[in-house]
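Participant: Predicted structure and sequence below. I'll ask about it afterward.
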Amino acid sequence: MNKEIISCKNLYKSYFQAELEVPVLMGINLHVGEGESLSIIGISGSGKSTLLHLLGGLDTPTSGDIKIIGQNITAINEEEKCQIRNKELGFIYQFHHLLPEFSALENVAMPLLIRKINKKESYDQAKDMLNRVGLGHRISHTPGELSGGERQRAAIARALVTKPSCILADEPTGNLDRHTAEEVFQLMLDLNHNAGASLIIVTHDSLLSKQTGRILKLVDGVLLE
Ligand SMILES: Nc1ncnc2c1ncn2[C@@H]1O[C@H](COP(=O)(O)OP(=O)(O)OP(=O)(O)O)[C@@H](O)[C@H]1O
Ligand SMILES: [Mg+2]
């Protein structure tokens, strides 16, 4: 068996609204190995974003365990979690989450600067990644000055710039036309195939999901192969 990158066991997540429990995930078991790729599909509201956030350590489960590179992230503090996220994961949110007061270049360089990589190197790598997502001509624009699809591509560049062990992508191509969607997806697949990054992608796009190794469907709180 190849090296485990992310796994979860008996994962439950409910949201609580006042006294009312809204169960979303009801016993998820998942194992993702090095270099694997998988798609998560399911109807709107089935819990795909919830699951991805949990796997990326961005939210805490009601019960169950999550491991990232062998570390049980339900048992460590926020600072350690941040370090693992910065070092190992590239997260592409359903809604881009770029910092509004910074340029595309600064946004993409940020994860490298956080890693204490020097400024010149960080900006060079950020520029290179922005070129690869077709945004080389927009590097000094702030998110407010970019179109929806351009913002999404900047967010993708930010997630990939650190060459993460695992890419977690939540509808990364939702705002993009077919041609651009295919291009940025190829960039993720390229990191998957050539850099051995695992890829977990939530997508409604069957042309993309069929290019991943496995397709899992989230139905009534559980994952079906
Ligand atoms: N913070 C929250 N508080 C209460 N309920 C929430 C919260 N976040 C999500 N939910 C509920 O949990 C369910 C799953 O939400 P989630 O965002 O994971 O769905 P999804 O599968 O990603 O949907 P979509 O395809 O529309 O993005 C939904 O019914 C949603 O209303
Ligand atoms: Mg979602």
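Facilitator: Looks like it came in fine. Residues are numbered from 1 along each chain as shown. Ligands and ions are numbered 1, 2, ... in the order given.
Participant: Name the residues that touch the least confident helix or strand in the chain by mean pLDDT?
Facilitator: In the chain, the helix or strand scored least confidently by mean pLDDT, DSSP states H and E is helix 178-194, which has a mean of 89. Taking CB atoms under 8 Å, 6 or more residues apart in numbering as the criterion, the residues outside helix 178-194 that touch it are 35, 37, 132-134, 149, 153, 156, 160, 163, 167, 169, 172-173, 176, 197-199, 201, 205, 207-208, 211. The C-beta positions use only the backbone N, C-alpha and C, and glycine is treated the same way.
Participant: Please pick the buried ones from these.
Facilitator: Among the contacts of helix 178-194, those classed as buried by neighbour count (16 or more other CB atoms under 10 Å) are 35, 37, 132-134, 149, 153, 156, 160, 167, 169, 172-173, 176, 197-199, 201, 205, 208, 211.
Participant: for ligand 2, what are the nearby residues on the protein?
Facilitator: By the rule CB under 5 Å from the ion, the part of the chain lying against ligand 2 is 49, 94.
Participant: Phi and psi next, for the closest residue to ligand 2 within the chain.
Facilitator: Each residue of the chain has a distance to ligand 2, by CB to the ion, and the smallest belongs to S49, at 3.2 Å. Backbone torsions of S49, given as degrees, to the nearest 10, read phi -70, psi -40.
Participant: Would you mind measuring from it to I6?
Facilitator: Distance from S49 to I6, counting by CB to CB, to the nearest Å: 16 Å.
Participant: Among those two, which residue is more densely surrounded?
Facilitator: Of the pair S49 and I6, I6 is the one with more neighbours under other CB atoms under 10 Å, namely 24 against 20.
Participant: Just the element for the spatially closest residue to that one that is not a sequence neighbour, please.
Facilitator: The shortest distance from I6 to any residue other than its chain neighbours is 4.6 Å, reached at V32 (CB to CB, 6 or more residues apart in numbering). Element membership for V32, per DSSP states H and E: strand 20-33.
Participant: Could you list the paired strands of that strand along with their orientation?
Facilitator: Strand 20-33 pairs in its sheet with strand 4-17 (antiparallel), by DSSP bridges.
Participant: mind listing what's buried in the strand it pairs with?
Facilitator: Going by neighbour count (16+ other CB under 10 Å), the buried part of strand 4-17 is 4-8, 11-14.
Participant: Good, wrapping up.
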